[in-house]
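> Predicted model and sequence below, questions to follow.
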Amino acid sequence: MTQALVLGWDRTVLELKMYAREKESVFFSFLSPILLLTLFAVVFAAQVDEQARSNGMNAARYFLPGMAAVGVLLTSFQTVALTVALERDDGTLKRLRSTPMSPVSYFLGKVGLVLLSSVAQLALLLVVARLAFDVQLPTDASRWRTLGWVFTLSAFAGTVLGIAYSSIASARSIGVVVAGPLLVLQFISGVFIPFENVPDWLKQLAAIFPLKWIAQGMRSVFYPDSMATKEMAGAWEHSRIALVLTLWAVSGLVLCVTTFRWFRRGSV
Amino acid sequence: MTVAVTIRGLTKSYGGRATVDRLDLQVRTGEIFALLGPNGAGKTTTVEILEGFRQRDGGEVDVLGADPGRADRAWRNRIGIVLQSTGGLDLLTVREVLRSTARAYSEPRRVDEVVESVGLADKADARISSLSGGQRRRLDVALGIVGRPELLFLDEPTTGFDPQARRDFWELIRGLGGAGGTTILLTTHYLDEAEQLADRVGVIAAGRMLAVDTPDQLGGRDSQQATVSWEEHGQRRLLRTDYPTAQVARLGARFGGEVPGLVVSRPSLEDTYLTLIAPHVHDLQVQEVPA
């Protein structure tokens, strides 16, 4: 087990090196959430009413939790599903399989890469929100602690689900197979459209998937407490967020361990 | 004599067609064994079963004392596999990939030593994307041997090499086998490669082992008649004989010295190979060349 951890860290370092050397990809993965936040802040600036303003809200603060939630889900679920499918296709996984390395180390390498890169992306997003859009960031430790567990749980669940999801499609089709459902989720989970404006039956649908809960957790971190009344349950529901995300994380882990394929479909 | 690999009655079918059909094979510890056969003969399937990458349908397989179908990581620690060049490494350097791979093994070779032995010392810190095809293949070998394997699998290692690169590569493999102590099982469809490298060769076609022997005795090569040919009266003369030495001596006496254009030959490995596989390969015509 210790060896799996040591090799897991070694894989993390290797993954980080590869990630950092793909400069265009780094640039856009850091830029996209900032670009989106800017867009929403500018387009919806006029729609924030006086009462909300007096409460410390502005358009950027309104969309910040959604951007943070999408950021962590894209970096974990989307990136991991795509790269694992690619690594299965180009023989990287077969090469790793031919060594005595435990598959756990490979998974840990992915988790490590996702955690470190998405922390950096979130940090940059928060800095830009604070400096460029004058968003009031939380000052009390308990909110930062909430951010800590929501973020970690989301990144972990997203990563293991991404690994599991990568097995359902080939490297050629995985892009569409991942992006399609994610886009739908972004629209119904309170990321682009405020959650209170989503029809009830779609809310129910969204509540099955993790993104709605990640976004809700992020809102509880970045919104004033008075906004909690606008939630479905009229409260932030931290324990339910933790429960749903944990369920997804555990099922993802079980799925990725039981259904993981080292080889391209049809090649063995 | 100890044995590294034993296969008895191995079968594997895809879509009702037997790719490997009751195949038998033994590879001795420390030898270089070449598996020869046309495309689709079942070489790769057989080797992938030995590597633990595919499950067999039937038969017995023993690789270093274990069934590769149920092999664990301790077993993987003792074997090395030189895969067809894989992608996904382009962004890393030779040293980074080797160091990371070496860590997975209990008693790896030193990375510098491996880099040196495959002739990549001056490329050790180069991105893998900058390597030439031959250098890339050397890296594949480096990855296969960095864990100090007892048994090394090489699948068509020199496909696409230029002649000099192939000779260099053979030198590298000879150094690992023999005195190097590594048992090597390689597949190839180059006959000169098998002849140069292998202690023994096995010819496989239609999933069956047709013959196993040393390269110079395969298919009774050594006991077949030799052909003696020479120039006489402006014409090429050919003679098949069991006693080429006596024949040459007679010719020498007749010409009173040098025999013009003298050639003494035995059936080449290629002749023997083509004769062996002919019944199993439909689109291949082996023509008897009249003496």
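Right, received. Where do you want to start? Quick caveat, the model's predicted, so the values are computed rather than measured. Numbers count the residues shown, from 1 in each chain, chains lettered A, B, ... in the order given.

> Only C-alpha atoms from now on, for both contacts and neighbour counts.
Will do.

> Which strand or helix spans residue 211?
Looking at chain A here, since you left the chain open. helix A:210-222 (DSSP states H and E).

> not quite, I wanted chain B
Following DSSP H and E, one finds B:A211 within strand B:208-213.

> Now that strand: buried residues?
For strand B:208-213, a neighbour-count test (16 or more other C-alpha atoms under 10 Å in any protein chain shown) marks B:R208, B:M209, B:L210, B:A211, B:V212 as buried.

> nearest to chain A, of the residues you listed?
B:R208 (20.0 Å; C-alpha to the nearest C-alpha).

> what sits opposite that closest one in the beta ladder?
B:A205 (DSSP bridges).

> and the residue of the stretch 101-250 of chain A nearest chain B?
Among all residues of the stretch 101-250 of chain A, A:M101 sits closest to chain B, at 5.1 Å; criterion: C-alpha to the nearest C-alpha.

> Any chance of the backbone angles for that residue?
Main-chain torsions, A:M101, degrees, to the nearest 10: phi -60, psi 140.

> Over to B:W170?
Here is the backbone geometry of B:W170 (degrees, to the nearest 10): phi -60, psi -40.

> hmm, back to that, in the helix or strand immediately after the helix holding A:L211 in the chain, which residues are buried?
Once helix A:210-222 ends, the next helix or strand along the chain (criterion: DSSP H and E) is helix A:238-259. By 16+ other C-alpha under 10 Å, the buried positions in helix A:238-259 come out as A:241-242, A:244-246, A:248-253, A:255-257.

> ok, the residues you listed vs A:L86, which is closest?
Distance to A:L86, by C-alpha to C-alpha, is smallest for A:C256 among these, at 16.2 Å.

> and the helix or strand containing A:L93, is it in reach of chain B?
Following DSSP H and E, the helix or strand that holds A:L93 is helix A:92-97. Yes: counting by C-alpha under 8 Å from any C-alpha of the partner chain, contacts between helix A:92-97 and chain B involve A:T92, A:R95.

> What distance do you get for the closest residue to chain A within the stretch 151-291 of chain B to B:P108?
At 10.7 Å from chain A, B:F153 is the closest residue in the stretch 151-291 of chain B, using C-alpha to the nearest C-alpha. For B:F153, the distance to B:P108 (C-alpha to C-alpha, to the nearest Å) stands at 17 Å.

> cool, and B:E195?
Per C-alpha to C-alpha, B:E195 is found 31 Å from B:P108.

> can you check B:L25 too?
29 Å.

> Tell me who's in contact with A:Q51.
By C-alpha atoms under 8 Å, 6 or more residues apart in numbering or on different chains, no residues touch A:Q51.

> so which of the buried residues of helix A:238-259 also contact chain B?
Checked against chain B using C-alpha under 8 Å from any C-alpha, those give no members in range.

> what's the closest of the residues you listed to A:L82?
Nearest to A:L82, judged by C-alpha to C-alpha, of the buried residues of helix A:238-259 is A:C256 at 14.6 Å.

> How many residues are close by the closest residue to the closest one other than its chain neighbours?
Computed as C-alpha to C-alpha, 6 or more residues apart in numbering or on different chains, the closest residue to A:C256 that is not its neighbour in sequence is A:A164, at 4.3 Å. Residues near A:A164, counting by other C-alpha atoms under 10 Å in any protein chain shown, number 25.

> for the one 10 residues further on, same thing?
For A:I174, the neighbour count with other C-alpha under 10 Å is 21.

> so the nearest residue to it once chain neighbours are set aside, which of the three states?
Excluding its sequence neighbours, the residue lying closest to A:I174 (C-alpha to C-alpha, 6+ apart) is A:L82, at 6.4 Å. Following DSSP: H, G, I helix; E, B strand; the rest coil, we place A:L82 in the helix state.

> Please name the residues that touch A:L82.
Listed by C-alpha under 8 Å, 6+ apart, the contact set of A:L82 reads A:S166, A:A171, A:I174, A:G175, A:V178.

> from the residues you listed, which has minimum pLDDT?
Lowest pLDDT within the contacts of A:L82 is found at A:A171 (84).

> That one: what's it in contact with?
A:L82, A:A85, A:L86, A:R88, A:D89.

> So the second one is in contact with A:A164, correct?
No: no contact is recorded between A:A85 and A:A164 when judged using C-alpha atoms under 8 Å, the distance being 10.0 Å.

> So which residues make contact with the strand holding B:A211?
B:20-25, B:41, B:200-204, B:218-219, B:276-277.

> So which residue is smack in the middle of the chain?
Using chain A here. A:L73 (1.8 Å; C-alpha atoms, centre = their mean).

> please go with chain B instead
By C-alpha atoms, centre = their mean, the most central residue of chain B is B:A34, 3.3 Å off.
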